[in-house]
Every structure is written in structure tokens, then in C-alpha cells.
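# Pasting the sequence and the predicted model now:
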Amino acid sequence: MPGKMGPMALAGAAAIPYTVTMKKSPLLLIFVGILGGSLCSGPSAWAQRGMAPKGLRSLKIRKKVSARMPKIPSQVSQRIRTGVDHAAAQARVKRLKQQEQKVLSRINDYRDLVVEMQKNMIAARAVSPHDGGPGEKAKVDYLMRLLKTMKFDELYVINIKDPKAPDGVRPNIIAKYYGQDTRRNLWVMAHTDVVPPGDLNLWKTDPFQAVVEGDKIYGRGAEDNHQGLISSVLAAKALMDAGVRPRYNYSLLINADEELGGEYGLIPLLRDYKHIFTPQDVFLVPDAGNAEGTMVQVAEKNMMWLKFTVHGKQAHASLPKSGTNAARASSYLMVQLDKALHKKFNRKDRLFSPESVSTFEPTKREAADAALNTIPGTDTFYLDCRILPCYTNEEVLAEIARVRQEVEAKFHVRVEVEVTLQETHLPTDRKNAFVQLVLKAVKEVYQNKPKVMGDSGSTVASFVRNEGFPAVVFSKLVDTAHQPNEYSSIANTLGDAKVFSLTMMRLE
């Protein structure tokens, strides 16, 4: 039988429903009020006061949620938490903006350092020993002296053996400025080697003595790749001088041997020094761009260099039937390859505009040994292939083999095909968060409309992309690399440093 509640229990009853379970009865829904007590006092409080009727001493009370009654305490609590979180987020955004402005302001003061670094590095004559130069050692020695005056947490040189180098090695610099979380790096990767100056008569100045004219600094290597290298150092210096520790490591990889393929630079570093990198790393490579600063490069065409040698039969030019003219067969092969390859591999990709298709260009042709009145028995030419990533190099080689067989049958010649260089370049997803971060930083610094693009050329970014790392190539360049009277812009150097620092501070 249900028990009875006395008047003390019901007096001033609150409008909050509770389920009251009696010891020997079914569930009973009642309104509970407490006079001179609180809702959490419960039956035990009544018993202590001697006010609880018999049978209520064993009551077990649990709260029943009513859809008609709002959960005011939890709502208020949520609003308070939301307000606190919003205020904290606003404070964090304000603090980061202040840090960014502080860092950017520092970079504005580094013009003299840009000039000083260019003068020292241009004078180092860092032409590869495989191109008749002394290599990168003098430049690296200067850079190490400079970097040691800064606040890098790690700084060292990795020497890769090269018998042709004066000291037997090619030096590569690793420098890390630790972030709050050291398990990830933003690498800015530049190179120290430069190409030879070429014909000195075409230069207005000594290619290995920096000349400053307003915003321009002339000298071999000034743009390729001193601008990117200096910008990467300035970004680090600005973070240090402003006392800013980014979320992750800001790291420099200053490598040797970029101009001739990376055999003594990035390739062995990725292969033999994997502990330097982490799977979460991202790369910025300031080694390509345009004058507007709108090119944010995320992909490169696959690449092949092919050597074709056609073997015929040498004869006197007055008796052509007694020989097989290798020059004629070679010329025919060149034309047929041009037709067949462009027809079969004809897709377009606007990412690579203006060169939005695969290209197959005859380039070098070796001189024949035959005299003017002699039908040549051999003829050799080269083909430069830049292939959209939607095709494979193997597909191109298969089509070349088909054309080769047709030409051999038609002219009764033998054709040798040698692959002198073959590279497959994986792209970085244009929607990658890191790519979008760089786009935003470029737009903010240069007040332009940057866009994601592909490139027909080749950079060392392809090596790290092939290892699975996201990589973006960016620099605002006047595009005088490898030319006589090469120069770089001081304003572009400072601007690129701002792009790098903003990207670093905003990396999540």
C-alpha cells in the first residue's frame, strides 16, 4: 500500500517532479517540497528531524527530467563556457596578429643584410666542380659563420663525398629553429651552387662581384638561388629577433648540387638521412615563380631526355644506292615522332598554362663524321620530353618503340634509343591545407591574385613530393636566372621573407 506524506512534507512544494519509489509499492510520481530545507536534503533529512512518516525512511529518490522544464543551469553553464572560449579565441587571434606585425616590421629593417649577404655569396663563385668550378665550400663557410650568430637550436653541415670537389665533399646545411611542438618542420629549401657565367663579353659587370643599382643586385646567382636562400634566412631572423616561437619548427635545408641534378645534395639526404625529417613535414621551395608573384607551383611535368642513334651504311654521295643514308632516316624519324607523340598524348591541363600540353622537342644534334660528299652511316639527335602527369613515361616509350620499328622497316636501318634522363614527378594536391596557407600569405603580402599552377620545368621539389611530402614552389622573380647580367630585386627578397614567416606562424 502506498504510504502517506504528512503536511510538513508537502508544505511549499516545489514544481519540480521527482520519482519516489517506496519499499513495497510501485512507482509513484509526486511533488516533493521541503520546508526549511533544500531539494537535495531528501528523506534522510526528514528522518533526522523526526518528520518523515513511517515507510518514507527507506525512500530512494531520483530526479526525473521533464520536457516541460528547461535545463536552465546547464544552459547558463554552456553560455558561460562559450563566452569564455570565444573571449580566449579572440585574445589568441589578437596576440597572433600582434606577433605577425612585429615579425613583418623586423623584415623591413633587413635591407642592408640582403646586400651584405649577396656580396659575400656572389664572390664565392660556387660553380659545380663538374662544371669546372670550385664548388660550394667558400659560400657554405660564410653562411655557417653568419648562421652561428643567430639563435638556431640545431645547426650543422652534412658532407656528401664527391671526388671532383677540391675537398672531396659537397656541403649541405641543416638549420632548425624549434617551435612549441618539435615533431613537425616547415622546411624552406634553397641551393648554394650556381651555373657558370657563360660568355663574359655579354656581361656589363663582373659576374662574381655584386653591383647594387637601386633595387637591383647584379651578379651570378643573385636570383638563382640567392634570393630564395636569403629570404629563408631573413624569415628565421625575424622570428628570432621578435622573440616568436612558432607552433612547429622553422627549418632550413640549404643544399648543394641542385643545378646538375642533386646527386651530391638532396637525393642522398632523402635517402640516407631520413631521421632529419618527419612524416608531417612540409616544404617551401623558392626556386621558381613569375614577375607578378602569382605563381604558386604544386606540380611539374614528368621528364625524359632521349638519345636516338640511327645506323645506316656509309657511301659516296654520287652512289646513294650503294649505301643507306642515316641522315635521311633520322630526319624522317624525327618528324614521325613529332606527329605520333603529339597526336597520342594530346590531353590539356590548364594547371600548366601556357604550356598546357605534353611537349616533345628535338634539341641537340651531333655532327656527322662524314665529309660533305659522303652519305653518313650514322646520325644522332636528342629529344626533350615534358609529359603531363596524366601519362606515364612508359606509355611514351612504348609509342616511341612503335614508331622506331616502322622507320627501321621502311629505311632498312637500325635505331638505338638511350634514355639519358628519366624523372616521374608526383604533384601536391592543390586543395592541400598547406597550399591554401601559402596562397593566403602571398595574397596578403603582395596584394595580388595568386593561383595554383604547374610547371614545365623541374625543381628539387619533385624529389620531396615523390617521397610523399607536400611541397610548394614560390618566389616572386624577375626571371633572369642563367642569363648574362642576372640580377635580383631587394624588394622581392624582403617580400618573400614575409610570405615565409606568415606561412610559418599560421601553420596548424
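Structure received. Numbering: from 1, shown residues only.
# now the end-to-end length of stretch 315-331.
This stretch, stretch 315-331, spans 18 Å end to end (C-alpha to C-alpha, to the nearest Å).
# Give me the contact list for it.
With contact meaning C-beta atoms under 8 Å, 6 or more residues apart in numbering, stretch 315-331 is reached by 308, 310-314, 368, 372-381, 407, 410-413, 415. (Each C-beta comes from the backbone N, C-alpha and C, glycine too.)
# Please pick the buried ones from the residues you listed.
308, 310-312, 314, 368, 375-381, 407, 411, 413, 415 (16 or more other C-beta atoms under 10 Å).
# residues in contact with whichever strand or helix holds residue 268?
Using DSSP states H and E, residue 268 sits in helix 266-272. With C-beta under 8 Å, 6+ apart as the test, helix 266-272 has contacts from 158, 160, 172, 189, 253, 255, 258, 261, 276-277, 460, 463-464, 467.
# Quick one: the helices in the stretch 301-450 of the chain, in order.
Here the stretch 301-450 of the chain has its helices, by DSSP state H, counting those that start in this stretch, at 326-344, 393-411, 433-446.
# out of these, which comes closest to residue 212?
Closest to residue 212 of those, according to C-beta to C-beta: helix 433-446, at 22.7 Å.
# Now do the end-to-end distance for stretch 211-226.
Taking C-alpha to C-alpha, stretch 211-226 runs 14 Å from one end to the other.
# Figure out how far the next helix or strand after the helix holding residue 268 is from the centre of its chain.
Next in sequence after helix 266-272, counting helices and strands by DSSP H and E, comes strand 282-285. Relative to its chain's centre, strand 282-285 lies at 3 Å (C-alpha atoms, centre = their mean, to the nearest Å).
# again with stretch 411-420
Stretch 411-420 has its C-alpha centroid displaced from the chain centroid by 40 Å (C-alpha atoms, centre = their mean).
# hmm, who's touching it?
Counting by C-beta under 8 Å, 6+ apart, 304-312, 324-326, 328-329, 332-333, 382, 397, 400-401, 404, 407-408 sit against stretch 411-420.
# Please list only the buried members of those.
Buried among those by 16+ other C-beta under 10 Å: 304-312, 324-326, 328-329, 332-333, 382, 397, 400, 404, 407-408.
# So for the helix holding residue 268, what gets flagged as buried?
Residues of helix 266-272 classed as buried: 266-270 (neighbour count, 16+ other C-beta under 10 Å).
# Redo these as a markdown table? Include distance to residue 116 and pLDDT.
A markdown table is the format used below for the buried residues of helix 266-272 (distance: C-beta to C-beta, whole Å; pLDDT from 0 to 100):
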| residue | distance to residue 116 | pLDDT |
| --- | --- | --- |
| 266 | 27 | 97 |
| 267 | 32 | 96 |
| 268 | 31 | 98 |
| 269 | 28 | 98 |
| 270 | 32 | 97 |
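# could I get those residues as TSV with distance to residue 286?
Formatted as TSV, the buried residues of helix 266-272 follow (distance: C-beta to C-beta, whole Å):
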residue	distance to residue 286
266	14
267	20
268	22
269	18
270	19
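# So which of the contacts of helix 266-272 are in strands?
158, 160, 172, 189, 253, 255 (DSSP state E).
# Greatest separation within those residues: which pair is it?
Longest span within the ones in strands among the contacts of helix 266-272, C-beta to C-beta: 160 and 189, 15.5 Å.
# Out of these two, name the residue with the larger neighbour count.
Between residue 160 and residue 189, counted using other C-beta atoms under 10 Å, the more crowded position is residue 189 (29 against 22).
# Isn't that one up against residue 251?
No - between residue 189 and residue 251 there is no contact under C-beta atoms under 8 Å: 9.2 Å.
# Please parse the chain into its domains.
7-63, 94-297+426-506, 302-422 (automatic domain parsing).
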